[in-house]
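Asks: let's see this in three dimensions:
(2 chains)
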Amino acid sequence: MALDPFWGNLFRRRTKDEDEIYTILHQVPLFQELSRREIGKLESILHHRVFAPNESIVQEGELGAGMYIVISGQVEITQQGEEGNIQHLATFGPGDFFGEQALLDESPRTASAIAVTTCQAVGFFRPDLLELIDSNPHLGLKIVMRLSHMISVRLRQTNYLLKEVRDKQRQTEREAAKAQQEQSEEPSSESVAQSS
Amino acid sequence: MGKQVKIVLAIVAVALALFFVYAIRESLIPFLLAFVLAYILAPLVNRMEGRGLNRTLSIIIVFVCAFSGLGLVSYWVGDKLVDQMIDLSGQFLDPETRQKELTIVNGSQDTVKVKSGVWVRRDPQRPSFSWGKPDWPLEVAPEDTLAINLRFTPAKKDSAVEGNLNLYVDGLARPYRLRVGGNLTDSTRTNWRDKKWMRIRNEGALVFSARAIDFGEAGPNIITLLSEYVKEEIQPWLQPVLGEDFELSVWIKETGGEAIQTLLGGTKDLIGGIISGLTFLVIVPFVAFFFLKEGHRITRGLIELVPNAYFELCLNLQHQINAQIGGYIRGQILATSVVATLAVTGLSIIDVKYALPLGIVAGLANMIPFLGPLIGFFSATIVALATVGTEGGGIMVLHVGIVFLVVQLTDNILIQPTVVAKSVDLHPLVVLLVVMIGSQLVGIIGMLIAVPLTGIIKVSSQTIYQGVKSYRVQ
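Replies: Next up, the predicted model:
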């Protein structure tokens, strides 16, 4: 900080906070490929929000408008279980992000995020992204490509998991069928056993 | 604090805010226009910025292009438009009759008798000159004056009429000859002046205030012409339907005269509007420049104030309203200019006088759903009928009808489907109400901005309602 606030304003350089945001943004996979200048441009369309402890950031089931990146503090991700009990999924700290799917479509949130401590976060929202695509297609496309990449990676993981589950299910089905067959192949012995 | 107290406080706050807006309404207009201008130009600026240009530079380039374009257009049609508009409003508002007085001063000690007066006219079919009923003979007492009221009511506006008035006065060998004229051309008028006709003339003890009287410009206005046309051409056909007592032409003359006085009576308003228009010419682009440059920062600054719980909803709504208003304004501008251009072209082709202002009126009126096209058609028909005269009026109406049919078809088939916010259908009654409120609050400019402003408000409230509803449903 300069001694005189007037000159301090004139020759203003990046403050420590802003540098911190830059470092954090650069770590977010979505923005990894962006240059310093591009991140600067991106910052101008991000919204800085501060959440009090226990304040809900996103609510499961509500329509979502975009993603949040945690800058400081801790955020708890929870999901409502089938029986109504609340399941703790993860705890996020600086550099973590959530809600990126809402950038693509206006769908209900799949989980809730609640600030554990006082929490600073920046929001990146779909309307702003759409505007960015209009005003700076190059940058917009870069981000959208990263977004689709992330989603495709996750889809591949999901597919893999699904395949595992399906294999497991088939195996159990096969075992069950086998067991049934074995049962039906020797009904006599059973009936014998019953009658005896 | 109870809920009711909160509601009352909120109502009081809204009322205060509305009163404040009302109090500063005159100052808000340039900002409103700048807002509209910014919305019109925003897509161009955004596109140029998207191509990698600096935003300020993009705005300057767009401004220079837009204003030189406007300048060129006003250079081409501005003069003509202003001339035609002044002429046209004159056709409605100029006096039909001019009056002048001839005074006779009797300087003698005897009473002088003016036995009679005879008009020597060059238009025997329909006299243009007349006087207020004098009782012959007129007597002028000694050392007294007598004023004779003379009238000039020509049948046509644009042809000069000249004549003489011969006054037979006791004691004068020859009749006193007064020269009269009206709607004189410039050359005749100088001729009159050069010959010193206008001087006071002494005839012995009698002094006449003038040797010649120039009545100036007068002529039947459009309503009179229309009423005459109706009387001759249409009334005979309609009389069985209307009944014998009802004179359609008289009705048109009375109602039309009143309507014109109400509508155009505030010409001073218009002139005031044009003068402040010059201030607008400076203020509006200046404000629009900053709206374009800083608009993002302004809306962002406002939306940062929204509490976390409503933040995403408000952000979404802000963008939707932005898109809707932009679509509405750009759509209206597009439709207005296309309709105006088509109407001006069409009316010029069929040779209607005052095609330029009539076409522009048609374009502006087109903003009003349902009623607008009718307003455009009828104003053009009235003017066309009045200027064409009795012969060929029916064919003229047919031509005007065809022009407006083509314009409307083009508008409805080609333009309206591409305009985004056509869903903003304002009820004609609402339109009437807001136009009247607008004219009462801020005059003619108020009338012009009332419809688009109401459209903007309707679009915004629709979007907010839809948005809040869809969020609540979840």
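Asks: look up the pLDDT of residue B:68 for me, please.
Replies: Note for residue B:68: predicted pLDDT of 90.
Asks: could you measure from it over to residue B:61?
Replies: 11 Å (CB to CB, to the nearest Å). Yep, even glycine has a C-beta here, placed from its N, CA and C like the rest.
Asks: neighbour count winner among these two?
Replies: residue B:61 (14 against 11; other CB atoms under 10 Å in any protein chain shown).
Asks: and the more buried one, that's in a helix?
Replies: Yes. Counting by DSSP: H, G, I helix; E, B strand; the rest coil, residue B:61 is found in a helix.
Asks: ok, it touching residue B:49?
Replies: No. Judged on CB atoms under 8 Å, residue B:61 makes no contact with residue B:49 at a distance of 10.7 Å.
Asks: what about the strands in the chain?
Replies: In the absence of a named chain, this looks at chain A. Remark: strands assigned in chain A by DSSP state E are A:47-51, A:56-58, A:66-72, A:75-80, A:86-92, A:97-98, A:112-115, A:119-125.
Asks: hmm, I had chain B in mind actually
Replies: Taking DSSP E as the criterion, chain B contains strands spanning B:98-106, B:112-121, B:129-131, B:138-140, B:145-152, B:161-169, B:176-182, B:201-203, B:206-208, B:212-214.
Asks: other residues contacting the second one?
Replies: By that I understand strand B:112-121. For strand B:112-121, the external contacting residues (CB atoms under 8 Å, 6 or more residues apart in numbering or on different chains) are B:104, B:106, B:127-131, B:134, B:136-140, B:146, B:148, B:163-171, B:175, B:205-206.
Asks: same check on the fourth one?
Replies: Strand B:138-140 has contacts (CB under 8 Å, 6+ apart) with B:104-106, B:111-114, B:146, B:148, B:206.
Asks: looking at those, which has the most residues close by?
Replies: Per-residue neighbour counts (other CB under 10 Å) across those peak at residue B:112, which has 24 neighbours.
Asks: pull out the buried positions in stretch A:41-53.
Replies: For stretch A:41-53, a neighbour-count test (16 or more other CB atoms under 10 Å in any protein chain shown) marks A:42, A:45-47, A:49, A:51 as buried.
Asks: from those, list the ones also adjacent to chain B.
Replies: A:47, A:49, A:51 (CB under 8 Å from any CB of the partner chain).
Asks: what about residue 34, how many neighbours?
Replies: Defaulting to chain A. 19.
Asks: could you do chain B instead?
Replies: Counted with other CB under 10 Å, residue B:34 comes out at 21.
Asks: name all residues that make contact with residue 131.
Replies: All of this refers to chain A. Going by CB under 8 Å, 6+ apart, residue A:131 touches A:45, B:319.
Asks: was after chain B, sorry
Replies: Neighbour list for residue B:131: B:117, B:148-151 [criterion: CB under 8 Å, 6+ apart].
Asks: and of those residues, the nearest to chain A?
Replies: Checking those against chain A by CB to the nearest CB gives residue B:151 as the nearest, at 68.5 Å.
Asks: tell me, how many residues neighbour the closest one?
Replies: Close neighbours of residue B:151, defined as other CB under 10 Å, add up to 17.
Asks: confidence score at the closest residue to it other than its chain neighbours?
Replies: Leaving aside its sequence neighbours, residue B:151 sits nearest to residue B:130 (CB to CB, 6 or more residues apart in numbering or on different chains; 4.9 Å). In this prediction, residue B:130 carries a pLDDT score of 75.
Asks: residue B:130 touches residue B:148, doesn't it?
Replies: No. Assessed by CB under 8 Å, residue B:130 is found out of contact with residue B:148, at 11.3 Å.
Asks: looking at the contacts of residue B:131, which is nearest residue A:152?
Replies: residue B:151 (91.3 Å; CB to CB).
Asks: show me the beta-bridge partners of that closest one.
Replies: Note on residue B:151: beta-bridge partners by DSSP bridges are residue B:99, residue B:130.
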